[in-house]
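Participant: sharing a sequence plus its predicted fold:
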Amino acid sequence: MLSNCQNPRPWAAPALLLSLVCLSGCNTVNSQANNAEGVRLYTQGAYDQAAAKFQEAIATNPDSPDGYYNLAASLHKAGSMYQRPEDIKQAEVLYNQCLERNPNHVECYRGLAVLLSETNRRESAFRLLNNWSSASPQNPNPRIELARLLEETGQLEQAKAQLIAALEVAPTDARAFTALGRLRDQAGDYQQALANYQRSLSINGAQPQVAARVAALQAATGTAGSLAPGTDPSRVANQYQSTVRY
C-alpha cells in the first residue's frame, strides 16, 4: 500500500492541511498534496503520472521517507509491467533512501524484499529482513515480513515460528494473529485458525476479509472448530481464503 504521509484519508485533508500551514509552511503542504494526488493516480493504474507527482513531493520535502517509498513503488510497478529494468534499478535505490530516513518503514521493507526476490536475489531479501529483525528485536514487523517471505517460498513451519516469535514481543499485534490464522487455515487446522482470526478482529475490527473468512469457518464448523457433518473440506479451504492478506 502506498503511503499518503500523515493523511491516509483524503476526506480529512482540509483540516490537516490547515494545521500544516501553521506548523511547517508551504513546502510540507505541497508535498502532502502531491503525495495524495500520486496515490490517487497510482490506484488508477497511471504509474508514470503518479511517479511524477511523487518526484514533486520529494522535491518539496526531501526528508520525508514516504515520498521515496511511493516513488519507488510506482517505478517498481511500472518497471515490472512494462519491462523497464532502469525503473527497477531506480526503485531499489529509492527504497534504500526511504530506509535511510525511516529504518522501520514496514511497506518499504516489504517492497524492497519483493524486488530482491523478483530479481533472483532471494538470499539478499532474507538477509535484509533478518538484519532488520536483529536491529529491532522488540518490533514484531520484521518477523511478520520474514513469515510472509517464508510462506511465499513454501517454508510454512519456519513462517509459523516467526509469527509466534512476533507475538511473544507484541501479544496484541492483529496482523501477526491474522497471518498465523492464515497459515493454520491453509493447513486445515480450522479450530486454531478461527481462534487466531477472532483474536485479530478483537484487536482490529476493520478487517473485512478476515471477518468474511471467520463467517465462512463458523458456518462450516458450527463454531466448534471441527467440520460439520457432510461438509466438503476443499470447499471450506477455498471459500474466501484467497482474500485473507496481512
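Facilitator: Here it is on my side, so go on. This structure is a prediction, so every number in the text was calculated from the model and none was measured. Numbers count the residues shown, from 1 in each chain.
Participant: pull up the gap between the residue nearest to the spatial centre of the chain and A113, please.
Facilitator: Most central in the chain under CA atoms, centre = their mean is E107, positioned 5.4 Å from the mean C-alpha point. Using CB to CB, to the nearest Å, we find E107 at a distance of 11 Å from A113. Where C-beta positions appear, they are placed from N, C-alpha and C, glycine not excepted.
Participant: pull the helix or strand with minimum mean pLDDT from this structure.
Facilitator: Counting by mean pLDDT, DSSP states H and E, the chain has its least confident helix or strand at helix 13-24, which shows a mean of 31.
Participant: show me what counts as buried in the helix or strand following that helix.
Facilitator: Using DSSP states H and E, the next helix or strand after helix 13-24 towards the C-terminus is helix 26-43. Neighbour-count burial for helix 26-43 flags 28-42 (criterion: 16 or more other CB atoms under 10 Å).
Participant: P142 and L128 touch, don't they?
Facilitator: No. Using CB atoms under 8 Å, P142 is not in contact with L128, being 9.5 Å away.
Participant: shared neighbours, the two?
Facilitator: When contacts are counted by CB atoms under 8 Å, 6 or more residues apart in numbering, P142 and L128 have Y109 as shared neighbours.
Participant: show me where pLDDT drops low in this protein?
Facilitator: 1, 3-26, 223-243 (pLDDT under 70).
Participant: which other helices and strands does the helix or strand the residue nearest to the centre of the chain falls within contact?
Facilitator: If you go by DSSP H and E, E107 is part of helix 106-118. For helix 106-118, the elements it packs on are helix 65-82, helix 85-101, helix 122-135, helix 141-152, judged by 3 or more CB pairs under 8 Å, 6 or more residues apart in numbering; DSSP states H and E.
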